[in-house]
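Visitor: Predicted coordinates and the sequence they were generated for:
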Amino acid sequence: MLKIKFVVLAMLPLMLSACGGGGDSSGNNSSGNNSSTGGNAPQDSTANGTRYYFMDHEVSIYEDDDISVEIGDTLSFGAFEIFNKQVKDPASNQPLNNYLLTEKKLYLPTDIATKVMNIRSMTDWTYDVIGDVKEDWKLERVDLANKNMFDTVLPNYRTLGFDEFALGNAEIFLNVHGNKVFPAGSACYRLVSRKSNQDTFTFNQKMMIEQSFADFNLENEWYLSGLNANNLFDFTYRAANGTWQGVPWTTIYSTSLGFSANESVAVQYQGQTYEADYTSSIEWTAKKEIEHWETYLKKVSEPEQIRAAKLKIAQLKSGCYVYNEKAAEALYALPSLDWQAYKN
């Protein structure tokens, strides 16, 4: 079974490393009409020392080709602090440790990475990776005052219930604090879009493929036809290949969201074929991903597939990526809940 990897899933570890904590975005079903972006909309501070928090419910999942089952859960928190309107990754100004290929340059593992998130406002961020490689992130502010805490962190769980395995933390949250609301001044920020300014391939020499590059590229042509003929999300996939800076590359990617198909990306470097990660310059938006999940929902019939899709849609529509200090303190102060710091 093809496991679809939407772009949004790949961005979270970036801010985890940059900020010392993070996880799946979570949300509030009832906050959709209380969001704002830019302009004269309310904004939280970006002054030096201001802290923002990831406050998330993470589910452990057992997964193989035929089954995906929730087997446990954790309430996790982490934080980042702003200085000079920037958040620095622990790897900032350190060696890149991977090859990063762009059309104009091949960055080496020894090249010094930038890895700084520039916070122009809390709804407008830019991540400087290295050289001229950048990613623009757009968020929207959600007013959480008097919004239900449980429904914010676990959107749609109240309606859909829990999987067959008990999720202890979530059930305690619902049973003990299911009617609690956020205090005045609480807010969070929801991820709206993310876009790289150029296509890139990242690879290292530990991930060799025991296959010629020509054969891998040929197999991508066969793989492409199967992807387009059999996918429940109505994705259109496209194959592309070329050579940049003397390095041949090949990939298959979604034309709407930009993510690569599993096991479809490779480069040839110094005569050897390597697995690679492809980042497209196609903009990911929550709106477009929601549309694909809604298409999927219309085509599936298994209860676990329906439940998973509805939870994902709720998360994307109502989710919080980061919370301001007022909201985070209110969540952390709830008795009986075992909040655990993220482990890098």
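Guide: Arrived safely.

Visitor: Give the residue spans of the stretch 1-150 of the chain that score low on pLDDT.
Guide: Segments of the stretch 1-150 of the chain classed as low confidence (criterion: pLDDT under 70) are 1-43, 62-63, 65-71.

Visitor: Would you map the strands across it?
Guide: Taking DSSP state E, counting those that start in this stretch, the strands of the stretch 1-150 of the chain run over residues 26-27, 35-36, 51-63, 68-81, 86-88, 99-101, 106-107, 116-121, 124-130, 133-143.

Visitor: helices and strands around the longest one, which ones?
Guide: Spelled out, that is strand 68-81. helix 7-19, strand 51-63, helix 168-177, helix 303-318, helix 325-332, strand 339-341 (3 or more Cβ pairs under 8 Å, 6 or more residues apart in numbering; DSSP states H and E). To be clear about C-beta, it is placed using only N, CA and C from the backbone, and glycine gets the same treatment.

Visitor: could the strands of the stretch 1-150 of the chain go into a markdown table alongside mean neighbour count and distance to G242?
Guide: A markdown table is the format used below for the strands of the stretch 1-150 of the chain (neighbours: other Cβ atoms under 10 Å; distance: least, Cβ to Cβ, whole Å):
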| stretch | mean neighbour count | distance to G242 |
| --- | --- | --- |
| strand 26-27 | 25 | 39 |
| strand 35-36 | 18 | 40 |
| strand 51-63 | 19 | 34 |
| strand 68-81 | 18 | 36 |
| strand 86-88 | 18 | 34 |
| strand 99-101 | 22 | 11 |
| strand 106-107 | 18 | 14 |
| strand 116-121 | 17 | 30 |
| strand 124-130 | 18 | 21 |
| strand 133-143 | 20 | 18 |
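
Visitor: Determine which of the ones you listed approaches K287 most closely.
Guide: Across the strands of the stretch 1-150 of the chain, K287 has its closest neighbour in strand 133-143 (11.4 Å, Cβ to Cβ).

Visitor: the inter-axis angle of the closest one versus helix 303-318?
Guide: Counting by axes from the mean of the first three to the mean of the last three Cα atoms, to 10 degrees, strand 133-143 lies at 90 degrees to helix 303-318.

Visitor: Which secondary structure elements does strand 133-143 sit against?
Guide: By 3+ Cβ pairs under 8 Å, 6+ apart, strand 133-143 packs against strand 35-36, strand 124-130, strand 187-196.

Visitor: what lines up beside it in the sheet?
Guide: strand 35-36 (antiparallel), strand 124-130 (antiparallel), strand 187-196 (antiparallel) (DSSP bridges).

Visitor: Let me know the angle separating it from helix 325-332.
Guide: Using the same axes, to 10 degrees: strand 133-143 against helix 325-332 is 70 degrees.

Visitor: Quick check: bridge partners of T126?
Guide: Bridge pairing for T126 - DSSP bridges - gives N118, D136.

Visitor: what's it in contact with, if anything?
Guide: Residues near T126 by Cβ atoms under 8 Å, 6 or more residues apart in numbering: 117-118, 120, 134-137.

Visitor: and if you look at A184?
Guide: Here A184 is in contact with 145-146 (criterion: Cβ under 8 Å, 6+ apart).

Visitor: what helix or strand is it on?
Guide: For A184, there is no host helix or strand (DSSP states H and E).

Visitor: Roughly how far does it sit from L154?
Guide: Distance, A184 to L154, using Cβ to Cβ, to the nearest Å: 22 Å.

Visitor: ok, how many other residues are close to the residue nearest to T110 when sequence neighbours are not counted?
Guide: The shortest distance from T110 to any non-neighbouring residue, by Cβ to Cβ, 6 or more residues apart in numbering, is to P95 (5.3 Å). Neighbour count of P95, defined by other Cβ atoms under 10 Å: 12.

Visitor: Also G49?
Guide: When counting by other Cβ under 10 Å, one arrives at 8 neighbours for G49.

Visitor: Quick check: closest non-adjacent residue to it.
Guide: E81 (6.3 Å).

Visitor: Just list the residues touching that neighbour, thanks.
Guide: 49-51, 87.

Visitor: okay, these in TSV with distance to I306 next?
Guide: Listed next are these as TSV, based on distance: Cβ to Cβ, whole Å:
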residue	distance to I306
G49	45
T50	41
R51	38
V87	38
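
Visitor: quick one: T273 is in a strand?
Guide: Yes - with DSSP: H, G, I helix; E, B strand; the rest coil as the criterion, T273 is part of a strand.
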